[in-house]
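**Student:** got a predicted structure plus its sequence, pasted below:
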Amino acid sequence: MASWFIARRWRALAAAAGALVLIAASGEWAERRELQSKTEALRQAASAHALGLRGLVEKHDFLPHAAARHPGVLALLRAPHDPALRARANDYFTDLQATTGAAALYLVDRDGLTLAASNWNLPSSFVGQNYRRRAYFEDALQGRRGFFYGLGLTTGQSGLFIAEPVRGGEGGAILGVMVVKISLEPLQATWMSGADPVLLRDSRGIVFLSAVPAWLFHSLDPVSAADARWVAEHGQYGSRARFDLLPWTREALHDASGYVLRTGIGGRKRTLLALDTPLPELGWTLTVTSSMKEVAQARQSALMLAALATALLLLGVLYLRLREKRFVEQRTARLELERRVEERTRDLEEAHAFRKAMEDSLLVGMRARDPEGKIIYVNPALCAMVGYSAEELLGCRPPYPYWHPDDLEKQARESDDALRGRAAPHGFESRIRHKDGHDVITMVYAAPLVDAQGVHRGWMSSVVDITAQKQAEARQRDQELRLQRSARLASVGEMASTLAHELNQPLMALSNFAVAARALAVHGSPEILAQALDEIVGQSQRASEIVKRVRAFINPQRAQYQSLAMESLVTHAETLLKPELQRHGASLRLVLEDGGATVRGDRVLLEQVLVNLVQNALQAVQDGAAGSRAIELSCRRAGPVLRIGVADRGPGIAPDQLEQVFAPFFTTKRDGLGLGLNICRTIVEAHGGCIDVENRAGGGAAFTFTLPIES
């Protein structure tokens, strides 16, 4: 008996030891598997980051090469003291920088002096700075393309500098160096928002871009004195001459290409899996990391699962021992089960009664039919909807008594489709006839009726009364038609008001010329009379042109656009306004800095804009002193557009009315229609421009509108 007990004890100990070995092996396997998975994920992440870096560099790689061959760049290097050439180069670099998104572009002569730059108009301008000691400058002077990452000598901001020699002398001599600066700060900001650190090291092992700011300008290995001296001489990292070691502890992995990195970030200890990826074309090394937490969790999960499996095995053994005991207990349990079945039966009866009460309280009609179409169930909601009792409907076959007599063929087809399983899943609309004779519009949804054993017993239909909804939709359609008629009437009224406003000026001119012609016919010379009659003909033609242009607002295909010199438009508008200006003792000063620029548009409409704006300014200054009745009409280039402004020294516009002056029918004049400025805005926007107004600092208002310059 003692020997049997000892043997049994040894078997238990052996089983426990085997279980522990199995659990430990499972943890090791899970850890290696998770480590391999994370290493592969790091390789993919490193490839993605490297692709992004190469793409960023390749995106701007062509810039120095293209800019170095620009005629303006070559001309400036040959005549560095020419201010016009310098201004054109500055504008060219500014436009190129805005288009490509580069941080800066600048041109350096052979002595390292910056002649032009995209930031020439900023306090941190590179113009006049000397970059002779930069490594990229030295490489470019030797005929090589220069790549250099470092802090800016002028701005102190980091960036990647790409330099290209500018050749243009005899035999391809180097005249200067074209440099493009690319900012990697957005890339660093993206890294900093990630959960795991990413960093870049240069060829000397110095970290120059990192998701952890505390690691910047630290080195992986000690930097030699020669390397530190080279970095300081070329100002690569500002005034730094010392580079501390990274606060890392590294541990190599035997079966993986990465290594385990232990460090502290933000006061917290972190254990990371790191992988280095060389970028030989840039001379950098990319390091990506990932938390080792998942590896530890995989090991713990495997240990727990193995322990659980062992416990289940032990439970199985215990189950066999308890089986006999449970056999005895089953008889007692059988009696208890019978008692519970009785209780369950009562519960089912109560549940059935409750479900029946729920079905009876539904507002949606429910109807069940067998596969042949015979009605086998209806709820009270359906009976109320059709006006027939359940006894009248149960057992009925098509055609059902509530089918509408005018839609029998349609409803028979829909019923047949439902019985064959072809009913639309989103339901179909059906009109039925209530027992008392009124029509009911319903929405019917059909679905298969399948019992608990999965046998198809027929079809279940849900019937929703949508009569009120259809009536509401009909009322809404009627209201929409009324709104459309009102909108058309408003459009006709606005067009009539526009014609009245625009034709007012030529009609008044026709009246004045006609009075003058009548006086000249009695007392004047024939030449002056002929001139007055010519003016009458011209104004009538102008009225006809205005009508045509207003019609063009309605149908844009009728607009007559042509190439127009802005100076001729302004000059002709001045001629039209000259009599009215003289009558009010006002003067019109023209400031045409770019009057020779051409735009594409309709001459009459654009002249009308100028005339309306000047007349508004004239009305604003007519009550002022004689010396203040001066109006300025300016035209100057602003990039791809012309800015035309009309400014006066009148009382200005109330601040609370600045946003309303262009609204239709808004006016501050007693006899005004409030359409002049609204028409001006419509004409300018039709020509691809915009118009604005502001109060001048010294008093008065200034209206400014833009027009695209014709290329």
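**Tutor:** Structure's in. What do you need? Model, not experiment: these values are computed from the prediction. Residues are numbered from 1 along each chain as shown.

**Student:** grab the nearest non-local neighbour of residue 158.
**Tutor:** Leaving aside its sequence neighbours, residue 158 sits nearest to residue 151 (Cβ to Cβ, 6 or more residues apart in numbering; 5.2 Å). (Glycine included, C-beta is placed from N, CA and C.)

**Student:** residues contacting the one you found?
**Tutor:** Counting by Cβ atoms under 8 Å, 6 or more residues apart in numbering, residue 151 touches 157, 158, 235, 236, 237, 238.

**Student:** let's have those residues in CSV, adding distance to residue 674 and secondary structure.
**Tutor:** Shown next, in CSV, are the contacts of residue 151 (distance: Cβ to Cβ, whole Å; DSSP: H, G, I helix; E, B strand; the rest coil):
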residue, distance to residue 674, secondary structure
157, 53, coil
158, 57, strand
235, 65, coil
236, 66, coil
237, 65, coil
238, 63, coil
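
**Student:** just the buried ones from the residues you listed, in PyMOL syntax?
**Tutor:** To isolate the buried ones among the contacts of residue 151 in PyMOL, judged by 16 or more other Cβ atoms under 10 Å, type:
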select buried, resi 158+235+236+237
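
**Student:** and of the contacts of residue 151, the nearest to residue 315?
**Tutor:** residue 158 (63.3 Å; Cβ to Cβ).

**Student:** pLDDT at that closest one, what is it?
**Tutor:** We have a pLDDT of 79 for residue 158.

**Student:** same thing with residue 12?
**Tutor:** 63.

**Student:** ditto for the one 3 residues further on
**Tutor:** With respect to pLDDT, residue 15 scores 62.

**Student:** can you check the one 4 residues further on too?
**Tutor:** Model confidence at residue 19, given as pLDDT, is 62.

**Student:** same check, this time on residue 634
**Tutor:** Per the predicted model, pLDDT is 92 at residue 634.

**Student:** what's the answer for residue 707, then?
**Tutor:** 93.

**Student:** try residue 83
**Tutor:** Predicted confidence (pLDDT) for residue 83: 91.

**Student:** and it, how far from residue 584?
**Tutor:** 44 Å (Cβ to Cβ, to the nearest Å).

**Student:** also residue 273?
**Tutor:** Distance, residue 273 to residue 584, by Cβ to Cβ: 84 Å.

**Student:** quick check on these two: which one has the bigger neighbour count.
**Tutor:** Neighbour tally, residue 273 and residue 584, criterion other Cβ atoms under 10 Å: the higher count belongs to residue 273, 24 against 13.

**Student:** quick one: contacts for the closest residue to that one other than its chain neighbours?
**Tutor:** Leaving aside its sequence neighbours, residue 273 sits nearest to residue 290 (Cβ to Cβ, 6+ apart; 5.0 Å). Shown in contact with residue 290 (Cβ under 8 Å, 6+ apart): 38, 41, 42, 45, 196, 272, 273.

**Student:** number of residues surrounding the second one?
**Tutor:** By other Cβ under 10 Å, the residues close to residue 41 number 15.

**Student:** what sits closest to it if chain neighbours are left out?
**Tutor:** In space, residue 41 is closest to residue 290, 6.7 Å off (Cβ to Cβ, 6+ apart).

**Student:** quick check, that neighbour in a helix?
**Tutor:** No: assessed with DSSP: H, G, I helix; E, B strand; the rest coil, residue 290 is strand; it does not lie in a helix.

**Student:** distance of it relative to residue 54?
**Tutor:** Counting by Cβ to Cβ, the gap from residue 290 to residue 54 is 22 Å.

**Student:** residues near the closest residue to residue 195 other than its chain neighbours, how many?
**Tutor:** In space, and not counting its chain neighbours, residue 195 is closest to residue 291: 7.3 Å by Cβ to Cβ, 6+ apart. As a burial measure, residue 291 scores 15 neighbours (other Cβ under 10 Å).

**Student:** how about the contacts made by residue 291?
**Tutor:** By Cβ under 8 Å, 6+ apart, the neighbours of residue 291 are 195, 196, 270, 271, 272, 273.

**Student:** same question, residue 64
**Tutor:** Contacts of residue 64 (Cβ under 8 Å, 6+ apart): 145, 162, 163, 164, 178, 179, 180.

**Student:** check which helices and strands the strand or helix carrying the fifth one is in contact with.
**Tutor:** When you say that, I think you mean residue 178. Assessed by DSSP states H and E, residue 178 sits inside strand 174-182. Packing contacts for strand 174-182, counted by 3 or more Cβ pairs under 8 Å, 6 or more residues apart in numbering; DSSP states H and E, involve helix 2-68, helix 71-78, strand 104-109, helix 135-141, strand 158-167.

**Student:** where does pLDDT dip in the stretch 351-500 of the chain?
**Tutor:** Applying pLDDT under 70 to the stretch 351-500 of the chain flags the ranges 359-360, 480-500.

**Student:** could you pull out the helices for it?
**Tutor:** Assigned helices in the stretch 351-500 of the chain, in chain order: 380-386, 390-393, 408-419, 467-523 (criterion: DSSP state H, counting those that start in this stretch).

**Student:** cool, the stretch 101-250 of the chain as well?
**Tutor:** Going by DSSP H, counting those that start in this stretch, the stretch 101-250 of the chain shows helices at 135-141, 185-192, 225-233.

**Student:** could I get the contacting residues of the nearest residue to residue 92 once chain neighbours are set aside?
**Tutor:** Nearest residue to residue 92 in three dimensions, chain neighbours excluded: residue 72, at 5.6 Å (Cβ to Cβ, 6+ apart). Applying Cβ under 8 Å, 6+ apart, we find residue 72 in contact with 85, 88, 89, 92.

**Student:** so the third one sits right up against residue 114, yeah?
**Tutor:** No: taking contact to mean Cβ atoms under 8 Å, the distance of 10.9 Å between residue 89 and residue 114 leaves them out of contact.

**Student:** who does residue 165 bridge with?
**Tutor:** residue 177 (DSSP bridges).

**Student:** list the contacts of it.
**Tutor:** 68, 140, 141, 143, 144, 174, 176, 177, 178.

**Student:** residue 654 too?
**Tutor:** Residue 654 neighbours (Cβ under 8 Å, 6+ apart): none.

**Student:** what's the spacing between it and residue 264?
**Tutor:** Taking Cβ to Cβ, one finds residue 654 at 64 Å from residue 264.

**Student:** any low-confidence regions in the stretch 501-650 of the chain?
**Tutor:** Along the stretch 501-650 of the chain, segments meeting pLDDT under 70 span 501-532, 534, 537-539, 541-559, 626-627.

**Student:** can you show me the helices along it?
**Tutor:** 526-554, 566-583, 603-621.

**Student:** so what does the last one touch, helix or strand wise?
**Tutor:** Okay, so that is helix 603-621. Judged by 3+ Cβ pairs under 8 Å, 6+ apart, the packing partners of helix 603-621 are helix 526-554, strand 562-565, helix 566-583, strand 630-638, strand 641-647, helix 676-686, strand 701-708.

**Student:** to residue 224, which of the ones you listed lies closest?
**Tutor:** With Cβ to Cβ as the measure, strand 630-638 is the member of the helices and strands packed on helix 603-621 nearest residue 224 (55.1 Å).

**Student:** filter the contacts of residue 290 to the buried ones?
**Tutor:** 38, 42, 45, 196, 272, 273.

**Student:** what's the most distant pair in those residues?
**Tutor:** Applying Cβ to Cβ across these, the maximum distance is between 45 and 272, 12.7 Å.

**Student:** from the contact counts, what lies against whichever strand or helix holds residue 348?
**Tutor:** Assigning secondary structure by DSSP H and E places residue 348 in helix 293-361. Contact here means 3+ Cβ pairs under 8 Å, 6+ apart; on that basis helix 293-361 packs against helix 2-68.

**Student:** so residue 693 bridges to which residues?
**Tutor:** residue 703.

**Student:** distance check, it against residue 641.
**Tutor:** Distance from residue 693 to residue 641, by Cβ to Cβ: 17 Å.

**Student:** compare these two (neighbour count), which wins?
**Tutor:** A direct count of neighbours by other Cβ under 10 Å for residue 693 and residue 641 places residue 693 higher, at 20 against 17.

**Student:** what sits against the more buried one?
**Tutor:** Residue 693 neighbours (Cβ under 8 Å, 6+ apart): 653, 658, 661, 662, 701, 702, 703, 704.
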